[in-house]
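Undergrad: Got a sequence here, can you model it:
(one chain, ligands or ions: 1)
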Amino acid sequence: MSKDNLIEIVNLKKYFQVGRNATLKAVDNVSFNIKKGETLGLVGESGCGKTTCGRTILGIYPATSGQVLFNGKDVHKMNRAEKLEFKKNAQIIFQDPYASLDPRMTIGDIIGEGMDVHLNLSSKERQEKIHDLLKKVGLNPEHGSRFPHELSGGQRQRIGIARALAVEPQFIMCDEPISALDVSIQAQIVNLLIKLQREMGLTYLFISHDLSMVKHISDRVGVMYLGSMAELASNEALYDNPLHPYTKALISAIPVADPSAEETRNRIKLEGEVPSPINPPPGCKFVKRCAYAKDICHKETPKLKEVEKDHFVACHLY
Ligand SMILES: Nc1ncnc2c1ncn2[C@@H]1O[C@H](COP(=O)(O)OP(=O)(O)OP(=O)(O)O)[C@@H](O)[C@H]1O
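TA: Sure thing, here's the model as predicted:
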């Protein structure tokens, strides 16, 4: 394992058994790394496997096969003590700031809960840390005695962030952390995450279907489709020089602010529905979402390969 990597994911599969005979391949042989201190964005249409991938990395779901190495240790083979340490080091920020905070607990106790398990603090230290965290995420110490229903959506997501930070993690999986928020609040939350990352040296997996927000926050970006990685590259390479036809289509659909530019730009239409991951199309699974499909594209789904330095793509055309 390279010492630059915090996380290495090798041939990860997460299959769900649905009904008696069907298998849903939510994550199907995915490999990538997350470097220390970077943000890896994971994008793709609804149901492509982003959340399942993140949850399997965190060990919330057992892997069907493959490995997730965190600081060189396999997350799915850790003993009790290692698991406890991993739970402290790898936190999650949830999509829905309304459902993810216990309405019966005060904000202070929500933030303090993880500290009680993982940090050995006196009650004075605990209180001071809660106050510091509230300030760090742009709230006041007085918010600590309030309940979630007294706060706005943006404020609640700030609490979700403070809760994740409370146990001093190395890694945070941000699972669509802004999609339930008003557009006006979304940039504030993303900028807060960027600021905290710089201050605390955090590593993020940022899951979203909002390609412009992912561009804003990520160092590298992976594009998922039907449980597979279509393309993985640096932020600049992916947005300025997308190689996979599917990535090209997704990027061409990003809304632009200028209506006159909207008329002239070359939008690649994604026709029809995403196929079911229970019954993906035969041959290359990307074929239904590929504007350039040729005869060769009916061979099996190609593996992700490096076609330019640090630019990986799974496509027969390369
Ligand atoms: N516990 C589960 N049991 C069975 N199928 C599941 C389970 N969780 C997810 N799936 C299926 O796995 C596939 C991937 O789902 P997942 O939530 O990971 O996608 P996603 O890309 O995060 O989508 P979204 O953006 O809508 O959250 C979907 O077809 C989903 O229905």
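Undergrad: residue contacts, the closest residue to K87 other than its chain neighbours?
TA: In space, K87 comes closest to H118 once its chain neighbours are excluded; the distance is 7.5 Å by C-beta to C-beta, 6 or more residues apart in numbering. Glycine gets a C-beta too; all of them are placed from N, C-alpha and C. Going by C-beta atoms under 8 Å, 6 or more residues apart in numbering, H118 touches 84, 87-88, 167.
Undergrad: Ok, E8 next?
TA: Residues in contact with E8 (C-beta under 8 Å, 6+ apart) are 1-2, 33, 67-69.
Undergrad: hey, what's it bridged with?
TA: Taking DSSP bridges as the rule, E8 bridges to N33, L69.
Undergrad: ok, back up a step: which among the contacts of H118 count as buried?
TA: Buried members of the contacts of H118, counted by 16 or more other C-beta atoms under 10 Å: 87-88, 167.
Undergrad: Using a markdown table, lay out those residues together with pLDDT and secondary structure.
TA: A markdown table is the format used below for the buried ones among the contacts of H118 (pLDDT from 0 to 100; DSSP: H, G, I helix; E, B strand; the rest coil):
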| residue | pLDDT | secondary structure |
| --- | --- | --- |
| K87 | 96 | helix |
| K88 | 97 | helix |
| V167 | 96 | coil |
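Undergrad: Going by distance to K248, which of those wins?
TA: K87 (39.3 Å; C-beta to C-beta).
Undergrad: So for stretch 102-114, what gets flagged as buried?
TA: Buried residues in stretch 102-114, counted by 16+ other C-beta under 10 Å: 106-108, 110-112, 114.
Undergrad: Among these, which ones are in helices?
TA: Residues of the buried residues of stretch 102-114 located in helices (DSSP state H): 107-108, 110-112, 114.
Undergrad: Among the buried ones among the contacts of H118, pick out the one closest to P281, please.
TA: Once C-beta to C-beta is applied, the member of those that ends up nearest P281 is K87, at 38.9 Å.
Undergrad: of the ones in helices among the buried residues of stretch 102-114, list those near the ligand.
TA: Among those, no residue lies close to the ligand (C-beta under 6 Å from any ligand atom).
Undergrad: how many other residues sit next to S100?
TA: Residues lying near S100 (other C-beta atoms under 10 Å) number 19.
Undergrad: SS state for the closest residue to S218 other than its chain neighbours?
TA: Excluding the flanking residues, the one nearest S218 by C-beta to C-beta, 6+ apart is G41, at 3.3 Å. Classification of G41 by DSSP: H, G, I helix; E, B strand; the rest coil places it in strand.
Undergrad: what residues does the stretch 101-250 of the chain put near the ligand?
TA: For the stretch 101-250 of the chain, the contact set with the ligand under C-beta under 6 Å from any ligand atom comprises H209.
Undergrad: Of the contacts of E8, just the buried ones, ChimeraX syntax please.
TA: Selection of buried members from those for ChimeraX, criterion 16+ other C-beta under 10 Å:
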select :33,68,69
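Undergrad: lowest-pLDDT helix or strand in this structure?
TA: None of the helices or strands of the chain scores lower by mean pLDDT, DSSP states H and E than helix 259-264, at a mean of 66.
Undergrad: Output whichever helix or strand comes after it in CSV with nothing but the alpha carbons.
TA: The helix or strand immediately downstream of helix 259-264 is strand 305-308, counting by DSSP states H and E. Once non-C-alpha atoms are left out, strand 305-308 reads as follows in CSV (Å, rounded to 0.1, in the frame of the first residue of the first chain):
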residue,chain,number,x,y,z
LYS,A,305,-7.5,1.1,-17.6
GLU,A,306,-5.0,3.9,-17.4
VAL,A,307,-5.1,5.6,-20.8
GLU,A,308,-3.3,8.8,-19.9
